[in-house]
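1. Need the 3D shape of this:
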Amino acid sequence: MKIRSLAIASLFLTPTILGAAETNSVPTPAAVVETNAPEEITITATRIATPQEKSPTSTTVITREEIAQSQQHMVVDVLHAQPGVAVAATGQPGTVQGVFLRGANNNQTLVLVDGIRVNSPFNNQYDFSQLPVDNVERIEILRGAQSTLYGSEAAGGVINIVTKRGTCLPTGSLETEYGSFNTSITRGHFSDSLGQLSVAADGSYARSENDRINSDYEQYHFGGHARYDFSDRFSATLLANYFHNNDGVPGDIFTDDPTARLKTESYLFGLILNADPTDWWNAKLKLSYAREQGNYDQPTNAANYGVSDFSQTVGRRNQVDFQNVFKLSEQHTFLIGGTVENNSGNLTDVYTDPAFSYTNNSVLAKTINTYSAYAQYDFTPIERVTLTAGGRVDDSDTYGTHGTYRFGGRFTVPEAETIFRASVGTGFRAPSISDLYYPNFSNPNLQPEKSVGWDAGFEQPLFQNKLRFGATFFHNNFDNLIQYVGNPFFAPENVARARTFGVESFVAWQVLTNLTARASYTWTDTENLTTGAELVRRPEHSGSLNLNWQITPKLDADASAQFIGMRTDVNYYTFPASTVALPFYTKLNLALRWQVQKHLEIFARAENLTDERYQEVFGYPSLGRGFYGGLRLQF
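-> Take a look at the predicted model:
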């Protein structure tokens with residue numbers, strides 16, 4: 001029923017949309033170790049492969065080695081420790097998990113896989129519980145409004161998942177892990193090249209009982225990547241991702257439903273054609289198809305007072321994106337492109353409440369078409385200066401025409417090598433199929449949510465890049481936010497406004513040749529401009545500390561701490577709903593890896609070492625202390 005769907009959606013779709021913040025281009029440990037190391041490459045900032053230090057936009061790149069050091073299984077657990085990233089999970093592993101960039105809502109954070117959008121076609125959100133690290137080569141985080149190049153859902157920022165490619169020689173691995181809460185994970189990987197063809201494939205199976213009633217989960221995942229180079233100037237890439245999840249849904253601690261289940265299945269197919277017709281022209285065509293299906297089944301039991309509910313949602317996206325990069329000289333680069341997107345959503349819901357002799361059958365089948373054009377100009381008058389200007393127009397058969405813009409600049413000071421960055425831009429989030437058409441709880445007249453924001457910051461390398469620190473100030477205004485109100489039904493309207501500003505800072509230090517340290521701190525001031533209250537689930541103070549120690553050439557240790565300040569949330573079990581405080585917490589993790597010999601690695605980790613009891617969403621306790629270990633065979 002829609003009430004339950006709205007209860008789940010309310011975990012992310014509140015009028016208090018904003019918080020968190022952003023940092024400058026935070027270097028990875030690998031970037032600090034080698035003073036002569038090549039510059040890391042980002043591909044999300046301008047849709048053009050750009051050295052990270054030359055980008056006018058603040059980005060973070062998480063490498064494959066960093067992911068391996070943390071020993072995390074899910075991408076969301078890697079994102080937890082990143083500056084300016086806030087996570088809200090409805091409980092324990094396997095449950096719905098949303099990511100907020102600079103405090104923007106989950107459905108205002110665009111997620112890409114190899115540049116292809118994967119947010120839900122049905123509600124615009126992305127559930128990070130469906131994204132393991134199996135086939136991830138690196139993660140790129142781009143904060144602030146990026147709708148100029150990426151359209152809807154990029155009002156808060158972009159997270160791009162770059163998948164593994166084939167290797168020159170055949171390589172592979174098989175890994176198994178077991179630990180607390182009867183948790184087991186098995187992974188496999190293989191990659192190879194044969195002439196012009198390169199392939200990579202990854203798969204995993206994970207299960208856990210967790211520590212609440214009916215909170216167990218089971219996951220399957222498969223990812224594949226194949227590329228064929230027809231010549232030095234033309235290549236074709238085929239990618240595929242499949243995910244299946246079967247979760248218990250106990251609800252919050254006031255419900256503890258013993259039988260409700262949620263089964264989700266999603267897959268993505270993409271074809272990328274890349275050509276260089278001339279030395280100064282690169283053309284890229286992306287064709288993609290994505291489908292997701294969720295089946296929620298709540299049988300009658302005493303905990304839910306005899307209520308039964310079965311719903312099925314299906315979302316599909318067909319997308320064509322064609323971009324052209326014209327590098328006319330070292331100083332002038334133009335990007336011109338267009339996108340055609342077709343989103344469709346289907347819903348079937350049967351809800352029965354015997355206490356009121358009430359049965360409701362809901363059916364939905366809707367489609368939204370959007371046509372977009374975008375352009376950007378990169379001007380590099382000298383090597384130490386980069387200026388960008390871009391614009392975009394989106395035309396939809398539901399909300400009409402909407403335009404966005406973005407300007408940015410970067411200046412590197414001679415000799416001191418201080419990098420200054422600044423940007424200003426607009427973003428938007430189009431109303432979803434659910435917002436517009438959900439039976440009895442929707443509004444077909446909704447307009448896009450809008451945002452405008454700016455930031456300015458610096459970063460400073462010292463001692464041959466062994467020490468690096470920086471800070472960024474940001475300010476965002478959000479308008480036309482969609483909020484569910486009761487007139488006369490619980491339906492959405494464009495009524496809310498919000499504002500955030502704050503400072504992010506970071507330090508990265510190569511203490512010794514084999515010891516690196518990283519720390520970050522974010523201060524965020526938020527306000528719901530409609531009510532004057534601070535925004536929920538956004539900590540005013542947050543930070544992280546990470547130490548990585550290569551004890552011997554074959555043994556390394558990784559220790560991390562996350563500090564999350566007090567946040568507010570809403571208790572819907574009082575009438576009227578009341579504000580509650582979620583206490584400050586600190587979470588400590590420790591991981592060890594031992595390369596026994598060339599083909600065998602043993603690893604172990606402790607999560608939430610101090611057994612901290614905390615909630616990211618009110619009423620949904622997180623998992624306690626856990627110990628895990630396993631081995632990896634490599635060939």
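
2. Return the set of residues that bridge with the closest residue to residue 591 other than its chain neighbours.
-> Spatial nearest neighbour of residue 591, excluding adjacent residues (C-beta to C-beta, 6 or more residues apart in numbering): residue 605 at 4.0 Å. Bear in mind the C-beta positions are built from the backbone N, C-alpha and C, glycine included. Under DSSP bridges, the beta-bridge partners of residue 605 are residue 591, residue 628.

3. what's residue 605 in contact with, if anything?
-> With contact taken as C-beta atoms under 8 Å, 6 or more residues apart in numbering, residue 605 is in contact with 71, 589, 590, 591, 592, 627, 628, 629.

4. and residue 597, how many neighbours?
-> 8 (other C-beta atoms under 10 Å).

5. Model confidence score at residue 15, please.
-> On pLDDT, residue 15 comes in at 35.

6. what does residue 41 give?
-> 65.

7. what pLDDT does residue 24 get?
-> 41.

8. and residue 424, how many neighbours?
-> Neighbour number of residue 424 under other C-beta under 10 Å is 17.

9. swap that for residue 359, sorry
-> 11.

10. Verify the contact between residue 224 and residue 237 for me.
-> No: if you go by C-beta atoms under 8 Å, residue 224 and residue 237 don't touch, sitting 10.9 Å apart.

11. Flag every buried residue along stretch 578-594.
-> 582, 585, 587, 588, 589, 590, 591, 592, 593, 594 (16 or more other C-beta atoms under 10 Å).

12. What mean pLDDT does it get?
-> Here the average pLDDT along stretch 578-594 is 95.

13. so where's the stretch 451-600 of the chain uncertain?
-> By pLDDT under 70, the low-scoring segments of the stretch 451-600 of the chain are 486-489.

14. how about the strands in it?
-> Using DSSP state E, counting those that start in this stretch, the strands found in the stretch 451-600 of the chain span residues 467-486, 490-512, 515-528, 541-552, 555-564, 567-571, 578-582, 585-597, 600-607.

15. And the stretch 251-400 of the chain, by the same measure?
-> Along the stretch 251-400 of the chain, the segments classed as strands by DSSP E, counting those that start in this stretch run 261-278, 281-298, 308-327, 332-353, 358-379, 385-396, 400-412.

16. What strands line up against the third one, and which way round?
-> Strand pairing for strand 308-327, using DSSP bridges, gives strand 281-298 (antiparallel), strand 332-353 (antiparallel).

17. starting at the chain centroid, how far to it?
-> Offset of strand 308-327 from its chain centre (C-alpha atoms, centre = their mean, to the nearest Å): 16 Å.

18. Can you mark which positions in it are buried?
-> Going by 16+ other C-beta under 10 Å, strand 308-327 has these buried residues: 308-309, 311, 313-319, 321, 323-325, 327.

19. Turn the strands paired with strand 308-327 into a markdown table, including mean pLDDT, distance to residue 525 and mean neighbour count.
-> Output for the strands paired with strand 308-327, formatted as a markdown table (pLDDT from 0 to 100; distance: least, C-beta to C-beta, whole Å; neighbours: other C-beta atoms under 10 Å):
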| stretch | mean pLDDT | distance to residue 525 | mean neighbour count |
| --- | --- | --- | --- |
| strand 281-298 | 96 | 36 | 18 |
| strand 332-353 | 95 | 35 | 18 |
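
20. May I see those strands arranged in TSV, with distance to residue 494 as well?
-> Putting those into TSV (distance: least, C-beta to C-beta, whole Å) gives the following:
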stretch	distance to residue 494
strand 281-298	26
strand 332-353	20
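
21. Tell me how many other residues surround residue 538.
-> 26.

22. Assess the claim that it and residue 566 are in contact.
-> No: contact criterion C-beta under 8 Å: residue 538 and residue 566 do not qualify, at 10.5 Å.

23. Parallel or antiparallel, which strands does the helix or strand harbouring residue 425 pair with?
-> Using DSSP states H and E, residue 425 sits in strand 419-429. Strand 419-429 has its sheet partners listed here by DSSP bridges as strand 400-412 (antiparallel), strand 449-462 (antiparallel).

24. and the shortest one, how far out from the chain's middle?
-> This points to strand 400-412. 21 Å.

25. Report the angle between it and strand 358-379.
-> Note on geometry: by axes from the mean of the first three to the mean of the last three C-alpha atoms, to 10 degrees, strand 400-412 and strand 358-379 are set 40 degrees apart in direction.

26. Can you tell me what sits against strand 400-412?
-> Under C-beta under 8 Å, 6+ apart, the answer for strand 400-412 is 53-57, 145-149, 376, 384-396, 418-428, 430, 448.

27. Produce a PyMOL select command limited to the buried residues of the residues you listed.
-> The buried residues among the contacts of strand 400-412 can be selected in PyMOL (16+ other C-beta under 10 Å) with this line:
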select buried, resi 53+54+55+56+57+145+146+147+148+149+376+386+388+390+391+392+394+396+419+420+421+422+423+424+425+426+427+428+430+448
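
28. Which secondary structure elements does the helix or strand following the strand holding residue 425 sit against?
-> Next helix or strand after strand 419-429 toward the C-terminus (DSSP H and E): helix 433-437. Contacts defined by 3 or more C-beta pairs under 8 Å, 6 or more residues apart in numbering; DSSP states H and E place helix 433-437 against strand 332-353, strand 358-379.

29. Which one, of those, ends up nearest to residue 480?
-> Ranking the helices and strands packed on helix 433-437 by their distance to residue 480 (criterion: C-beta to C-beta) puts strand 358-379 first, at 17.8 Å.

30. strand partners of that closest one, parallel vs antiparallel please.
-> By DSSP bridges, strand 358-379 pairs with strand 332-353 (antiparallel), strand 385-396 (antiparallel).

31. Could you export those strands to CSV, including columns for distance to residue 218?
-> Output for the strands paired with strand 358-379, formatted as CSV (distance: least, C-beta to C-beta, whole Å):
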stretch, distance to residue 218
strand 332-353, 24
strand 385-396, 38
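
32. So for residue 613, which of those strands sits nearest?
-> Of the strands paired with strand 358-379, nearest to residue 613 by C-beta to C-beta is strand 332-353, at 34.1 Å.

33. Which residue ranges of the stretch 51-200 of the chain form strands?
-> So, for the stretch 51-200 of the chain - with DSSP E, counting those that start in this stretch - the strands run 59-63, 85-89, 97-101, 109-113, 116-117, 136-143, 157-163, 171-179, 183-194, 197-208.

34. In contact with residue 292: list those residues for me.
-> 120, 121, 122, 264, 265, 266, 314, 315.

35. Let's see that with 7 Å instead.
-> 120, 264, 266, 315 (C-beta atoms under 7 Å, 6 or more residues apart in numbering).

36. what is it paired to in the beta sheet?
-> Under the criterion used (DSSP bridges), residue 292 bridges to residue 266, residue 315.

37. State the distance from it to residue 242.
-> From residue 292 across to residue 242, the span is 11 Å (C-beta to C-beta, to the nearest Å).

38. can you check residue 440 too?
-> Where residue 242 is concerned, residue 440 sits at a distance of 34 Å (C-beta to C-beta).

39. got the strands of the stretch 251-400 of the chain as TSV, with distance to residue 156 columns?
-> Output for the strands of the stretch 251-400 of the chain, formatted as TSV (distance: least, C-beta to C-beta, whole Å):
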stretch	distance to residue 156
strand 261-278	22
strand 281-298	21
strand 308-327	20
strand 332-353	19
strand 358-379	18
strand 385-396	16
strand 400-412	13
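
40. any idea how far residue 54 is from the nearest residue to residue 541 once chain neighbours are set aside?
-> Residue nearest to residue 541 in three dimensions, not counting chain neighbours: residue 565, with 3.6 Å by C-beta to C-beta, 6+ apart. Residue 565 sits 34 Å away from residue 54 when distances are taken as C-beta to C-beta.

41. Of residue 440 and residue 242, which one has the most company?
-> Neighbours per residue (other C-beta under 10 Å) separate residue 440 from residue 242, with residue 242 holding more: 15 against 11.
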